[in-house]
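Undergrad: Compute the structure for the input listed below.
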Amino acid sequence: MTSNSTRLRIAVSSGRSLGSPTTQSWRPEPARTSTLEVVAPKRLEETSDRHQPERHRPGGLGRLAGWVKTHRASIAILVPVLVLVGVVHALGMNSNPQRLDDEGTYVSQAWAVLHWNTLAHYTYWYDHPPLGWILVGLYSAVTGAFARAPNAVAAGREFMLVLQLVSATLLYVLARRLGLRRVGAVGAVLLFSLSPLALEFHRAVYLDNIATPFVLAAFVLALSPQGRLAAFAGSGFCFGVAALCKETILVLLPALVWQLWRGSDQRTRRYSLALAGSVFVLTGSFYLLFAALRGELLPGPGHVSLVDGVAFQLLSRKVSGSPFDPSSPSHQTIVSWLRRDPWLVPAALALLPVCLAIRRVRPLAAGLLVLAVIVARPGYLPIPFVIAVLPLAALVVAAVVDAAWGRLRSSDPRPADARWRRWAAASLRVVRAGTVAIVVVAAVNVIGPGWREHDHQLMMIDRDHPMTQAEQWIDANVPRTSPILVDDALWVDLVSSGRPPTRVVWFWKLDRDPEIKARYPDGWRHFQYVVSTTAVRGSFYELPYVSAALEHGTVVASFGTGEDQVQILRVQPDDNR
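TA: Next comes the predicted model:
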């Protein structure tokens, strides 16, 4: 007896075929048993929707209403969480952290896409695929962010807020498709969004933040409950788009392939994987085609090339050293991560062996393991690399806690006596509630104060004020025709205020760009002012021209202190000092 129908099976044994004519001569046949099945549905409305005529199927609004009704519990939980995440992210996002040179670079390139129809404000040399800042430019074109925001980097950070809300939603869906309970999925979203490390890095205009929602979407589609080919094609497309935003995300490709393998039906697995792989390769090949059409795929005299750009990223970048060497840049980068949040990433790494034992989340746990190995290797470690770690770290912690909770719930001894069974169930509820209370209290008392303090600082302290003051001083005191070396975070704002782009030079290009070297053959001596920020001071030993400008400069204005200090120096050659 089933819940939806009554099934009656009757075994019939015969010596001849039931369909044989009686007029034919009898021939012995092997006895065979056939089964007749009578299905008696309890209620007509419980029959599957596929047996209804096509005209009775709900339309678009009906399907949407049905989807909302089905997921109403998740929607009721997720919407307030997203409001909280959005408020915490948005409050003070233009003030803390201070505008960064990398942010300025991506925003300047987005501005160039929008205003100059070029891929960069200088020669584009294939250091990164351009899709990330193209999306920033498209967002500004649709919303008018460059004209509306207080500065150009703020326009890009506005787009980061939108992407953060999308990423948080996709992380919740991914956690649910991995089998986590709603509370566990919400926990993953809160860890991913409210960790001080995550909050600070998610605000910055980094290509990694633009790639994150596409990576999460790829895994969500790979876990499609229906296992449709369209979902696998969409997964390959989303991961291809993510790679066109930030190429380093390709290190997670093995984890995605594993997830696709596990999520596909065995009968159609080779077609599903072939389709996902083909769409991924086709999406990524647009970058190769673009370079080839411009004649910049292979190295050659007088032009940049994609091969040179890839070689620089993989082979020529300055090695950061071993993270276990206290004097190495890698070690300092990791320390800077842990200074912002010493809990989330270490907890995820500590729980990683346990998470690898949980079958449903094993591919994503393996992806986190790959990222951990890359961090531990003695190679180049970019500061925003942790952005790729954060969603997987949040999922690992939430999955382990959720699995432990499920095991606790399933540990009912179920004694035979009903009275003792009720007593055991009540005792189990008390133990479960006590365990949860201990964990929550411990988390609040140990982790909560540090997170609350750092998040409060990120929301309330204006670290960008020195940059704003420096920009205002330049506008009031530096002639518009005076050549000035600047941090790229100021480039768009100074050019938009009416300064000739040839007179506002990103400091990095003076030493590294042949076009700028040709325009300013005497190097630093052509410039009257230089804006000194943390990024400029940090390049002192890498960029000879910039170093000489700083050495021959006199501070005429200074704003802020410490890492946030911004100084404006008047450059004076030796013969004029």
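
Undergrad: Can you mark which positions in the helix or strand hosting Ala168 are buried?
TA: Assigned by DSSP states H and E, Ala168 belongs to helix 152-177. Within helix 152-177, the residues scored as buried using 16 or more other C-beta atoms under 10 Å are 152-161, 163-177. Backbone N, C-alpha and C define where each C-beta goes, glycine included.

Undergrad: Please name the nearest non-neighbouring residue to Leu390.
TA: Ala198 (5.0 Å; C-beta to C-beta, 6 or more residues apart in numbering).

Undergrad: Can I get the helix or strand the one you found falls within in PDB, CA atoms only?
TA: Here Ala198, judged by DSSP H and E, is contained in helix 196-203. Presented in PDB, the C-alpha positions along helix 196-203 are these (Å, rounded to 0.1, in the frame of the first residue of the first chain):
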ATOM      1  CA  PRO A 196      35.500  41.700   8.900                       C
ATOM      2  CA  LEU A 197      37.900  40.100   6.400                       C
ATOM      3  CA  ALA A 198      35.100  39.500   4.000                       C
ATOM      4  CA  LEU A 199      33.400  42.900   4.600                       C
ATOM      5  CA  GLU A 200      36.500  44.800   3.800                       C
ATOM      6  CA  PHE A 201      37.600  42.800   0.700                       C
ATOM      7  CA  HIS A 202      34.100  42.500  -0.700                       C
ATOM      8  CA  ARG A 203      33.700  46.300  -0.700                       C
END
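
Undergrad: Against Tyr122, how distant is the spatially most central residue of the chain?
TA: Among the residues of the chain, the one closest to the centroid is Thr212, at 1.8 Å (C-alpha atoms, centre = their mean). Using C-beta to C-beta, to the nearest Å, Thr212 is found at 27 Å from Tyr122.

Undergrad: And for His89?
TA: For His89, the distance to Tyr122 - C-beta to C-beta - is 31 Å.

Undergrad: where does the protein have low pLDDT?
TA: Confidence mapping of the chain against pLDDT under 70 gives the ranges 1-60, 407-422, 424-426, 428-434, 436-437, 440, 574-577.

Undergrad: can you give me the strands in it?
TA: 5-14, 32-41, 484-486, 504-506, 529-532, 553-559, 566-571 (DSSP state E).

Undergrad: contacting residues around the residue nearest to the centre of the chain?
TA: Leu163, Ser167, Ala242, Ile387, Ala388, Pro391 (C-beta atoms under 8 Å, 6 or more residues apart in numbering).

Undergrad: Repeat that for Leu256.
TA: Ala218, Phe219, Ala222, Ser235, Phe239, Pro363, Gly367.

Undergrad: which one of those is nearest Val79?
TA: Phe219 (22.5 Å; C-beta to C-beta).

Undergrad: That closest one reaches Leu174, doesn't it?
TA: Yes. In this structure, Phe219 is within contact of Leu174 by C-beta atoms under 8 Å, at 5.6 Å.

Undergrad: Mind listing the shared neighbours of the two?
TA: With C-beta under 8 Å, 6+ apart as the test, Phe219 and Leu174 reach no residue in common.

Undergrad: hey, where'd the helices end up in the stretch 351-500 of the chain?
TA: Counting by DSSP state H, counting those that start in this stretch, the stretch 351-500 of the chain has helices at residues 362-376, 386-409, 418-446, 448-460, 465-477, 491-496.

Undergrad: Then the stretch 151-300 of the chain?
TA: 152-177, 182-194, 196-203, 207-222, 229-245, 253-263, 269-293.

Undergrad: wait, doesn't Leu510 sit right on Ser547?
TA: No. Using C-beta under 8 Å, Leu510 makes no contact with Ser547, being 10.6 Å away.

Undergrad: No further questions, thank you.
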